Every structure is written in structure tokens, then in C-alpha cells.
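Novice: have a look; sequence and predicted model below, questions after that.
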Amino acid sequence: MVASPPSAAKACDLLDWYDRHRRALPWRALPGETPDPYRVWLSEIMLQQTTVRAVKPYFEKFLRLFPTVRDLATAETDAVMSAWAGLGYYSRARNLHACAKAVVERHGGLFPAEEAALRALPGIGDYTAAAIASIAFDRPAVVVDGNVERVIARLHSVEEPLPGAKPAIKRLTAAVAPSERPGDFAQAMMDLGATICTPRSPACGLCPWREPCTARRDGTAETLPRKTPKREGVPRRGAAFVAFREDGAILLGTRPPKGLLGGMAEVPGTEWAKDHDPAEVAARAPVEGDWKRSLGTVTHVFTHFPLELDVHVGRIPAGTEAPAGLRWVPTRDLGTEALPSVMRKVVEHGLAALGVDPRQR
């Protein structure tokens, strides 16, 4: 059920508020500046499933390493994955690299302005295409992210839970979106949701749309938008082997290019299974050495399941060769490896159990 607001929300009221309170973000053009499509695209990909606070240092690092889309397109895959390591959802990094190559090959290094052409590029879906077209090129487009969903659901008291309410919210957003300054309007909606119409304790008294907002009127703002409860994934368990060679190197491998954490670095280990059997782990050690199970476990929560890893640590004689498909990496160089967060946790746990400080190597 969608209730009618007591008065229509006006885009001009939101834009006036935005002109006074817009956030300063490293990828956002200043008033009067022409937006850089590369920066807009890069930020939108990074911001998927991630917070602005988490993205800022990664965005700045990417610009240092890959100042233009051509620089990114010609970069080595390992360099891109390493720069992304820790940001999560690693298929985004693979698609980011593929998209940069496609922009260079298909469009001469210039991002297209049309939503259809943008959607044809790797890793760009409906939302991202609309965001780039609107913010980078000021094209009319309906841009709906999580912030916008929250603002619109409260403005119109949308009772239907997400994700089922998405089509209705998109229609309601389109109804208020102006034909002029569509890029600023899209960013104003995002800023409103991020700074005023927050998930908890929204600052309704400061909102430019407080009068037409039905949820504010009814005192239900904090209950919206409603969401269908997520089903928790079945926990998985496994073992990870932190092999420390006495000359100061760690044994690493690379995950297959497709699938979970595709193309990222990892320590050797068992499969992550629902029926993991700890009794079979000893036989899976990657090299001969003095192995023992460390105290405690490493836990990590992926989108679809929680993971618990037993960490086995071993001191390996200097000069031991790496098995096929694996490599020895000096601990001082671990920062250049594309280790995802879960693997960084494992390595830190293992080195601590061995009493090794990687900074001293």
C-alpha cells in the first residue's frame, strides 16, 4: 500500500538544500566543474555493497596507480586485484578491468553517455548505467540506490517490503525527478539518505522534504523501508595452512579466476564445506614441516554463508621448494599480494601463532 503525501515533494526544494549542504567527495565534481566519467564510474563500482568511508582510500589509491581508463585497461590483472584487495566482492575488480578494456577498445577510451551503451559494458547494470549517465553526463535517468529507496519509501509510506517494492519506488522516484540538473538531483537524493534520512534516528527536522513526508507525519520513518528477512546461509568450515619458511617467506597460491574470491591470493587449505572433517586435515598439508593447529579460529561472513577456518601453522626449512601451483612470498612483500580480507586474517593469525613479525623480515 502506498499512501498519498499531504503535499507533493518538489525537486527544487531538494536541490536548494543540496546547493547548501552537498558532501565533498573525491569523485564528485565541484560546483561549476565538468564531472569526470572515469571517476564517476570508478566510484560507483567501488560503492556497490560498500560504504563511502571504506571506499575513499581505495579510490584515491586507484587514481594514483591508474590515473585514466587507459592506464587501467593496460594494467596487469594482478596489479588491479592487488589494489582492490580488502574491498571485497572481488568480481567487481575483474569486471572493472574488463570494462576499462572495453571502453578503450569499443569507444576509444571515452565512456558513452547513453544508458543502453553503458549497460553493454562489463559490470555495468541498470543502476550503474543510470548513475553514470545522470551524474557524469547530466542525462535524465532514474537513479535508485539504497539511500534513494529509503527516502522514497518514507516519503510515500511504501509498506511493501524490499525487494518487492523496487518497481514502485522507481516509479515514485521518476515522478519527482526533474528534467533540469538530473545529475545534481541524483546526488542530492543520495546525500539526503546518507546524512539526513538515515536508517536510524533520521533528522526529520532538518529535511527539505519534511512537510510532504508521510512517514514523518505518521511517526513511522524508522520502520521504513520494510525488508523481507534474509535467509542465513549454512555455515561452512575448513582449514588453512600458514607455511612459514625459515628464510622469511610464506607459501601462497592463487584462486581460480572465476567463482568466490576469483583470482585472489590465498594460503593453501582445504575446501570450505558444510561437512568439514578436522580429522582429515593433517594429510592435506602442502609441504613437509613441523605443523600444529593454532589456538582459536578465523571467522568471516560472506554474502551467502559464514565461514570458520582452523589455522594450521608450520615452520618449513629454508630452501624448500614450492609445490606446483604455489609460490613462496617474502613476508615483507605480502602488502603487494592480492590477499582478500579473510586471507589477511588467516596470515596475521598464523604469523602471530608462530611469533613472527612480518615487518622485521
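Specialist: Arrived safely, thanks for sending.
Novice: pretty sure residue 293 is in a helix, no?
Specialist: No - looking at residue 293 with DSSP: H, G, I helix; E, B strand; the rest coil, it is strand, so not inside a helix.
Novice: chain neighbours aside, what residue packs nearest to residue 274?
Specialist: residue 234 (5.3 Å; Cβ to Cβ, 6 or more residues apart in numbering). Every residue, glycine included, has its C-beta placed from N, CA and C.
Novice: that neighbour and residue 273: what is the separation?
Specialist: 10 Å (Cβ to Cβ, to the nearest Å).
Novice: and the nearest residue to residue 147 once chain neighbours are set aside, what does it touch?
Specialist: With sequence-adjacent residues excluded and distances taken as Cβ to Cβ, 6+ apart, residue 147 is closest to residue 193, at 2.6 Å. Residues in contact with residue 193 (Cβ atoms under 8 Å, 6 or more residues apart in numbering) are 145, 146, 147, 148, 150, 151.
Novice: and residue 282, how many residues sit next to it?
Specialist: Around residue 282 there are 11 other residues, counting by other Cβ atoms under 10 Å.
Novice: look up phi and psi at the nearest residue to residue 327 once chain neighbours are set aside.
Specialist: Nearest non-adjacent residue to residue 327, counting by Cβ to Cβ, 6+ apart: residue 252, 5.8 Å away. The phi/psi pair for residue 252 (degrees, to the nearest 10) reads phi -130, psi 160.
Novice: list only buried entries from the contacts of residue 193.
Specialist: Buried members of the contacts of residue 193, scored by 16 or more other Cβ atoms under 10 Å, are 145, 147, 148, 150, 151.
Novice: helix or strand: which one has the second one?
Specialist: Using DSSP states H and E, the element containing residue 147 is helix 146-155.
Novice: so how far is that helix off the chain centroid?
Specialist: 21 Å (Cα atoms, centre = their mean, to the nearest Å).
Novice: only the buried residues of whichever helix or strand comes after that helix, if you could.
Specialist: Using DSSP H and E, the next helix or strand after helix 146-155 towards the C-terminus is helix 166-176. Using 16+ other Cβ under 10 Å as the test for burial, helix 166-176 gives 169, 170, 172, 173, 176.
Novice: flag every buried residue along whatever helix or strand comes next after helix 166-176.
Specialist: Note on helix 166-176: by DSSP H and E, the next helix or strand toward the C-terminus is helix 182-195. Buried residues in helix 182-195, defined by neighbour count with 16+ other Cβ under 10 Å: 182-195.
Novice: thinking again about what came up before, any idea how far the residue nearest to residue 327 is from residue 54?
Specialist: Distance from residue 252 to residue 54, by Cβ to Cβ: 25 Å.
Novice: and these two? Which one has more around it.
Specialist: residue 252 (21 against 14).
Novice: for the more buried one, list the residues it contacts.
Specialist: 265, 266, 267, 326, 327, 328, 329, 337, 339.
Novice: mind putting these into TSV with neighbour count and pLDDT?
Specialist: Below are these laid out as TSV (neighbours: other Cβ atoms under 10 Å; pLDDT from 0 to 100):
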residue	neighbour count	pLDDT
265	25	92
266	20	95
267	22	96
326	18	96
327	14	95
328	17	96
329	20	94
337	21	90
339	25	92
